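Novice: I'll drop the sequence and a predicted model, then ask my questions.
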Amino acid sequence: MTEDIDYEIDAEDLPARSGPRALGSPSVVVDDLHVTYRVFGGRKGGTVDEKPSLLTRAINAGRPKGGPISRVKAVRGVSFVARHGESIGILGTNGSGKSTLLRAVAGLLPPTTGRVFVSSEPALLGVNAALMPKLTGERNIMVGGLALGLNAAEVRERTPEVADFAELGDFLYMPMNAYSSGMASRLRFAISTIKTPDILMIDEALATGDASFRRKSTARIEKIRDNAGTVFFVSHSLGSVRAMCNRALWIEKGELVMDGDVDEVCDAYNAFVKSRKGASAGANLR
């Protein structure tokens, strides 16, 4: 998304605000997490390795037009504890490290330093989640269900429910490359929640859905929370975060700026974004 806050979702299209839940034992513990990327070419903003290893020097020697390998610190010393029954929004401007944090907690990115503890394997859902474009929706449901630990009979039994939730109709039997982006996003969500996960991570997955689908998705998320699950939700829509979450983390430049009640964090983040835009507009008038 190009904006730091999405104001396009009408208030009446937002789901009813989720109520308080009794919290259980810790489901995710993040302890002083750092994630650093190594980038070829020495991008502006990165830190160049001061004492490159022999292997690094050999790699650079074979790249006459490239710069040195630089380090980009995407997550810097983030710590928090999430509990069963919580729904946690993750806020931050573009490039702040939100998605990197989510992927590190999901186990898809190794920490550079620090530790992550989870009570069960997290299920990560994002708009860029991998689906196979040459396979039909039906086959993608099978592949996704098997990857989530269901057997073939269980996936076949749940396929009609998944197709109905994603509103596929006859497209169920068509290849994914014939789907619209909204249809593909709905199917990703339906597949990832075919089995109620203990820890669900959503990265902008609801951004392409209409009001009706957002309500259905929120109801599904509420069901996960009712079963003592934990939900992480990365979004630029403050309205969606307020409606779906009871807690929020604000990440900026890889650091945890604020962690607390969803309204308090959203208000502070909204004020920050508005002040930054105001300062930028003032600079352009000079």
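Specialist: Structure's in. What do you need?

Novice: all strands for the protein, in order.
Specialist: Using DSSP state E, the strands of the chain run over 26-40, 47-48, 69-83, 87-91, 113-118, 123-126, 199-203, 230-234, 247-252, 255-261.

Novice: Looking at the ones you listed, which one is packed in the most?
Specialist: By mean neighbour count, with neighbours taken as mean count of other CB atoms under 10 Å, strand 87-91 ranks first of the strands of the chain at a mean of 27. For every residue, glycine as well, the C-beta is placed using N, CA and C.

Novice: Show me what that strand is packed against.
Specialist: Applying 3 or more CB pairs under 8 Å, 6 or more residues apart in numbering; DSSP states H and E, one finds that strand 87-91 contacts helix 98-105, strand 230-234, helix 238-244, strand 247-252, helix 262-285.

Novice: give the contact list for Lys223.
Specialist: The contact partners of Lys223, taken as CB atoms under 8 Å, 6 or more residues apart in numbering, are Thr196.

Novice: Flag the helix or strand of this protein with the lowest per-element mean pLDDT.
Specialist: When the helices and strands of the chain are scored by mean pLDDT, DSSP states H and E, strand 47-48 comes last with a mean of 50.

Novice: ok, so what distance separates the spatially most central residue of the chain from Asp226?
Specialist: The C-alpha lying nearest the average C-alpha coordinate of the chain belongs to Asp203 (CA atoms, centre = their mean; 2.3 Å). Asp203 is 22 Å from Asp226, where distance means CB to CB, to the nearest Å.

Novice: swap in Ser217?
Specialist: Ser217 is 15 Å from Asp226, by CB to CB.

Novice: Check Gly254 too.
Specialist: Gly254 is 33 Å from Asp226, where distance means CB to CB.

Novice: Equivalent analysis for Glu138, please.
Specialist: 29 Å.
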